[in-house]
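> can you look at this prediction? I've put the sequence above it.
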Amino acid sequence: MKKMLLAGTALLMVVSGSAMAADLKPAPAPVYTKAPPMMPVPFSWTGCYIGGNGGGMWVQKTLTVTAIGTADGTLDASGGTAGGQIGCNYQVSAWVFGVQGDYNWASASVSSLDLVRTTLTDSIKVDSVASVTGRIGFAWDRFMLYFKGGWAWEKDEYTASTVFTTATLSDTRGGWTIGGGGEYAFLDWLTGFVEYDFYDFGTRSEALVGTLAPVLSLDVRETKSVAKAGLNFKFGGWH
């Protein structure tokens, strides 16, 4: 009996020691899986914007004496321009549709001798130009090429003068414009663009009044080109 008791005790000690040894074994190291890289969120042109621009303007006015239909010369003026724009875009796939309004001050002016009345000096000065246009563009993420077209207005001044007399006209006239450019998004809220616009204000009869007699009446045909660069501050619809 005593031998059986000793044998059982020894067996119990062996089993307990094995269990304790098993408990002391280090747990297997956890296996970590690498998270997939985050995909960059594509830039969206959807949203509205406001900004400023500056550039150059080239103006051509062709004058005809209304009463006799004789060409009275062509005046080519050039100068600087600066202003602002506001608009909104909506992107569908890679296509971007929008509307924009802009207003620019101008300093394009020129003076030359009148071809018909050679004692006269003709002078023109463009004060401002504005437009409301629709835009359509195609975007490659943060870069977009676009075209635009719509209605335009301008305000200008015309003067015919001699040493002692003068006749003037200040006029606002309407026409149409087309243009296009490229725009790049430096940040989600800041874009930059370069653009060329052509304006056509057609032919219009203008009556100049002043100390010249009789009152001068001219048919004035006008076109202008504007090249500009600017920045837009974008808000809303960033992604």
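Ah, there it is.
> middle-most residue in this protein, spatially?
The centroid of the chain falls nearest to Phe193 when counting by CA atoms, centre = their mean (5.3 Å).
> which SSE is that one in?
strand 190-210 (DSSP states H and E).
> returning to what we had before: surely the residue nearest to the centre of the chain touches Gly230?
Yes: counting by CB atoms under 8 Å, Gly230 is a contact partner of Phe193 at 5.9 Å. C-beta: built from backbone N, CA, C; applies to glycine.
> can you show me the helices along this structure?
2-24 (DSSP state H).
> which residues of it score low on pLDDT?
Along the chain, the parts satisfying pLDDT under 70 run over 1-40, 69, 114-118, 163, 210-216, 238-239.
> rerun at 90
1-42, 61-76, 108-125, 156-172, 204-221, 236-239 (pLDDT under 90).
> ok so, going back, can you pull the contacts of the residue nearest to the centre of the chain?
By CB atoms under 8 Å, 6 or more residues apart in numbering, the contact set of Phe193 is 53, 181-184, 229-232.
> excluding its backbone neighbours, what's nearest Asp76?
Gln60 (5.4 Å; CB to CB, 6 or more residues apart in numbering).
> then Phe43?
The shortest distance from Phe43 to any non-neighbouring residue, by CB to CB, 6+ apart, is to Arg142 (4.7 Å).
> identify the residues contacting the one you found.
43, 184-185.
> ChimeraX command for the buried members of those?
The buried residues among those can be selected in ChimeraX (16 or more other CB atoms under 10 Å) with this line:
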select :43,185
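> possible to save the contacts of Arg142 as CSV with distance to Leu120?
Shown next, in CSV, are those (distance: CB to CB, whole Å):
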residue, distance to Leu120
Phe43, 57
Tyr184, 49
Ala185, 52
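> which members of the contacts of Arg142 occur in strands, if any?
Among those, the members found in strands (DSSP state E) are 184-185.
> what residues sit buried inside stretch 42-53?
43-49, 51, 53.
> max pairwise distance over those residues: which two?
Among those, the pair separated by the greatest distance (CB to CB) is Ser44 and Asn53, at 22.9 Å.
> so Ala227 versus Gly79, what's the distance?
12 Å (CB to CB, to the nearest Å).
> mutual contacts of these two, please.
Joint contacts of Ala227 and Gly79 (CB under 8 Å, 6+ apart) are Gly56.
> identify the bridge partners of Gly150.
On the basis of DSSP bridges, Gly150 is bridged to Thr133, Thr177.
> so who does it touch?
Neighbouring residues of Gly150 by CB under 8 Å, 6+ apart: 131-134, 176-177.
> of these, buried ones?
Buried members of the contacts of Gly150, scored by 16+ other CB under 10 Å, are 131, 133, 177.
> may I have the beta-bridge partners of Ala139?
Beta-bridge partners for Ala139, by DSSP bridges, are Met144.
> that one and Val96 touch, don't they?
Yes: between Ala139 and Val96 there is a contact under CB under 8 Å: 5.4 Å.
> residues bridging contact with those two, i.e. touching both?
Trp45.
> the residue nearest to Asp76: neighbouring residues, count only.
15 (other CB atoms under 10 Å).
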